[in-house]
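> Based on what follows, work out the 3D shape:
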Amino acid sequence: MREGLSINSFLKMGFLLSPDFSYEGDPELFLEKFQTNFKGVNIPLILHNDLLFSSDAMLQEIDLNWDEFEKARAVFELGKDKRIYDTFLHLLNYPVSQKSKDVVDSALEDIKEVEILKPEKEKDMGSVVVLNTYQGKSKKREVQDFVKYYSLRFDSLKKFLLKRQELQNSISINRIASRDNSSVSFIGIVSDRDYTKKGNLLFTLEDPSGEIKVVVSQNNKELFTIAKDVMLDEVVGVSGRYQSDIIFCQDIIFPDIPLDKELKKADEEVYAAFTADLHVGSYLFYQEDFLKFIDWINGVSGSEKQKNISQKVKYLFLVGDLVDGIGVYPKQEEELTLTDIYAQYELCATLLKKIRKDVNIIICGGNHDAIRLAEPQPYLDKELAKPLWEMPNVTMVTNPSLVSIHAKRDFEGLKVLLYHGYSFQYFADNVESIRTSGGNYRADLIMKYLLQRRHLAPSHSSNLFIPDTDKDPMVIEEVPDFFVTGHIHRTAAFNYRNVTLIGCSCWVGRTRFMEKVGIHPEPSRITLANLQTREMKILKFGE
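Numbering: from 1, shown residues only. I've put the predicted structure just below:
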């Protein structure tokens with residue numbers, strides 16, 4: 001730092017200086033503008049070089065929470081999460097590195113040759129209606145918010161269970177004590193699970209009136225197998241015999257979806273394509289494969305039959321992780337070709353803009369995107385992902401969300417539930433029937449499990465979450481026609497009670513982080529759904 005820029009001058013103004021702080025401009029002008037522009041404003045306590053990358057940016061009024069900025073920097077300096085700090089720097093117009101610019105420019109050169117086949121006549125784009133998306137507002141959370149959140153969850157799932165014939169005569173837990181040596185049924189939330197010395201399963205269930213112990217005997221093999229998959233915090237129905245302060249379980253009932261759900265179909269041949277996890281910015285992003293997909297959907301490549309089908313694709317779902325992000329996991333920067341979040345979204349948008357304009361693109365975020373990790377996740381940031389927001393054929397939704405596609409005057413449309421799938425890892429590892437059947441390889445089993453529980457993250461430890469005090473946004477209130485997810489990078493297409501379950505492929509190779517968490521990607525694939533027949537096809541665009 002120049003001698004003319006006195007340390008005492010900053011101390012008098014209430015600032016501390018980082019050892020890396022150096023300013024080569026006019027010290028008097030710097031101090032004068034600081035005093036003018038930041039008078040009465042909550043400004044940073046410690047000055048360091050990151051704040052001086054652009055004197056113009058620094059010497060203007062900036063609407064930023066400087067307390068949070070300092071906290072984010074402290075976390076970064078401790079070697080922990082860098083993502084929040086990087087986001088602050090981007091909000092301060094931190095310049096894109098020359099390396100990132102070069103990578104983007106090179107990628108754009110490759111994309112220029114992509115041909116868009118123009119339709120012979122203007123096409124019907126179909127329709128996208130957002131039925132349910134997260135609208136919660138940021139606020140300080142108290143312990144009582146968590147209590148209310150779980151109470152709301154219990155009430156929501158209890159409504160589904162009360163429709164089950166087996167629970168028509170259910171009673172509250174505090175009334176069970178008067179029914180000694182009698183058959184009873186009730187609804188509760190699982191607060192504890194363990195094994196007895198004899199190897200039987202022992203659950204503790206609660207409702208607003210109290211708690212009770214439930215034993216599932218290993219001698220009842222079918223029920224015992226079902227019970228082993230019951231996780232903490234699930235809301236279930238139980239029927240059994242009450243004796244000596246314990247329920248000897250005879251049946252476990254889940255909220256589940258109805259058996260008689262209609263298999264809805266559109267009245268014309270039209271297609272929806274589903275994918276996720278592009279991870280643009282990763283050095284393992286399969287850009288060439290994705291360009292092959294763009295050629296296909298634009299009607300440029302493929303057989304005449306394939307071209308005929310591709311031109312009938314009206315909907316493209318991208319279910320999270322459009323970019324690889326920054327600071328998502330330790331040493332991620334070593335696996336990035338784009339180390340700037342703006343550049344990542346710019347390249348992603350440039351790719352998507354090459355897709356026919358008559359294709360509706362529906363986008364939700366994921367854990368790699370530049371939004372909070374806690375679920376439900378809000379919309380992609382309008383500043384960071386600005387190029388995507390500006391696309392006229394893009395519909396942004398939150399994670400999770402419910403949309404209706406292809407609705408017409410005489411057809412209500414098909415409901416699509418989107419959830420990126422952050423909770424999947426937990427259930428792949430902890431639910432015995434899923435773990436022993438393939439774990440992360442079996443997106444279909446995880447999705448079926450969540451539909452049966454009518455909740456996207458039924459266990460407290462399965463995801464980071466924000467306790468909403470109006471309702472639990474993770475409850476599957478409406479039964480969808482399609483349930484679409486990503487995250488574990490595996491392709492799945494499966495039908496459960498007339499709900500089509502789609503686990504989406506990815507467009508990225510296996511990183512060191514994926515190796516660590518046991519994810520084996522199945523990249524460069526699109527799941528294609530014929531909305532008229534509900535038939536599914538998986539198209540491969542890689543080797």
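
> Sort out which residues of stretch 256-272 are buried, please.
256, 257, 266, 270, 271, 272 (16 or more other C-beta atoms under 10 Å). From N, CA and C alone the C-beta is placed, and that goes for glycine too.

> name the element the closest residue in space to residue 280 that isn't next to it in sequence belongs to?
Residue nearest to residue 280 in three dimensions, not counting chain neighbours: residue 348, with 4.3 Å by C-beta to C-beta, 6 or more residues apart in numbering. Using DSSP states H and E, residue 348 sits within helix 341-352.

> Contacts made by the helix or strand following that helix with the rest, please.
Sequence-wise, the next helix or strand downstream of helix 341-352 (DSSP H and E) is strand 360-364. Strand 360-364 is contacted from outside by 125-126, 128, 314-320, 322, 352, 355, 377, 380, 388, 391, 393-401, 403, 405, 416, 418, 420, using C-beta atoms under 8 Å, 6 or more residues apart in numbering.

> Keep only those of those residues that are in strands.
Members of the contacts of strand 360-364 lying in strands (criterion: DSSP state E): 128, 314-319, 394-396, 401, 403, 405, 416, 418.

> quick one: residue 512 and residue 340, what's the gap?
21 Å (C-beta to C-beta, to the nearest Å).

> Let me see the contact set for residue 415.
With C-beta under 8 Å, 6+ apart, residue 415 has these contacts: 131, 402, 403, 404, 478, 479, 480, 481, 482.

> And those residues, which is closest to residue 518?
Residue 518 lies nearest to residue 482 out of the contacts of residue 415, by C-beta to C-beta, at 26.9 Å.

> what about the residue nearest to that closest one when sequence neighbours are not counted, how many residues close to it?
Once flanking residues are discounted, residue 482 sits nearest to residue 416: 4.4 Å by C-beta to C-beta, 6+ apart. Using other C-beta atoms under 10 Å, residue 416 has 27 other residues around it.

> tell me the domain boundaries of the chain?
7-95, 128-133+268-540, 164-253 (automatic domain parsing).

> Mean confidence (pLDDT) on the first one, please.
Throughout domain 7-95, pLDDT has a mean value of 55.

> repeat for the longest one
Domain 128-133+268-540 carries an average pLDDT of 94.

> hang on, residue 480 packs against residue 402?
Yes - shown here, residue 480 and residue 402 form a contact pair, counting by C-beta atoms under 8 Å, at 6.5 Å.

> who touches both of the two?
With C-beta under 8 Å, 6+ apart, residue 480 and residue 402 have common neighbours 415, 416, 417.

> Test my guess that the last one contacts residue 477.
No - proximity of residue 417 to residue 477 does not meet the contact threshold set by C-beta under 8 Å, at 10.0 Å.

> And these two? Which one has more around it.
Between residue 417 and residue 477, counted using other C-beta under 10 Å, residue 417 has the larger neighbour count: 26 against 15.

> residues of stretch 345-362 that come out buried?
Buried-residue list, stretch 345-362, by 16+ other C-beta under 10 Å: 345-356, 358-362.

> For the lengthiest helix in the chain, name the packing helices and strands.
Ranked by residue count under DSSP state H, the longest helix found in the chain is helix 143-161. Secondary-structure packing of helix 143-161 (3 or more C-beta pairs under 8 Å, 6 or more residues apart in numbering; DSSP states H and E): strand 182-195, strand 235-243.

> Please export the C-alpha coordinates of it as CSV.
The C-alpha trace of helix 143-161 is given here as CSV (Å, rounded to 0.1, in the frame of the first residue of the first chain):
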residue,chain,number,x,y,z
VAL,A,143,-37.2,-23.5,16.6
GLN,A,144,-40.9,-23.3,16.6
ASP,A,145,-40.9,-23.1,12.8
PHE,A,146,-39.6,-26.7,12.7
VAL,A,147,-42.3,-27.8,15.1
LYS,A,148,-45.0,-26.3,12.9
TYR,A,149,-43.4,-27.6,9.8
TYR,A,150,-43.6,-31.2,11.0
SER,A,151,-47.1,-30.7,12.3
LEU,A,152,-48.1,-29.5,8.8
ARG,A,153,-46.4,-32.5,7.2
PHE,A,154,-48.2,-34.9,9.6
ASP,A,155,-51.6,-33.3,8.9
SER,A,156,-51.0,-33.4,5.1
LEU,A,157,-50.1,-37.1,5.0
LYS,A,158,-52.7,-38.0,7.5
LYS,A,159,-55.4,-36.9,5.0
PHE,A,160,-54.2,-39.5,2.5
LEU,A,161,-54.0,-42.2,5.1
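
> what residues does that helix touch?
Here helix 143-161 has contacts from 167, 170, 187, 189, 207-208, 233, 235-237, 253, 255-256, 454-455, 467-472, 475, 477, using C-beta under 8 Å, 6+ apart.

> Just the buried ones from the residues you listed, in PyMOL syntax?
Buried subset of those, written as a PyMOL selection, criterion 16+ other C-beta under 10 Å:
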select buried, resi 167+170+187+189+207+233+235+236+237+253+255+256+454+455+467+468+469+472+475
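
> On the pLDDT front, check residue 107 for me.
61.

> ok, residue 376 - contacts?
For residue 376, counting by C-beta under 8 Å, 6+ apart, the contacting residues are 134, 136, 398, 399, 400, 465, 466, 468, 473, 474.

> contacting residues for residue 431?
So residue 431 contacts 229, 231, 446, 449 (C-beta under 8 Å, 6+ apart).

> and if we set it to 7 Å?
229, 231, 449 (C-beta atoms under 7 Å, 6 or more residues apart in numbering).

> can you pick the most crowded of the residues you listed?
residue 449 (20 neighbours).

> That residue falls within a strand, correct?
No - counting by DSSP: H, G, I helix; E, B strand; the rest coil, residue 449 falls outside a strand, being helix.
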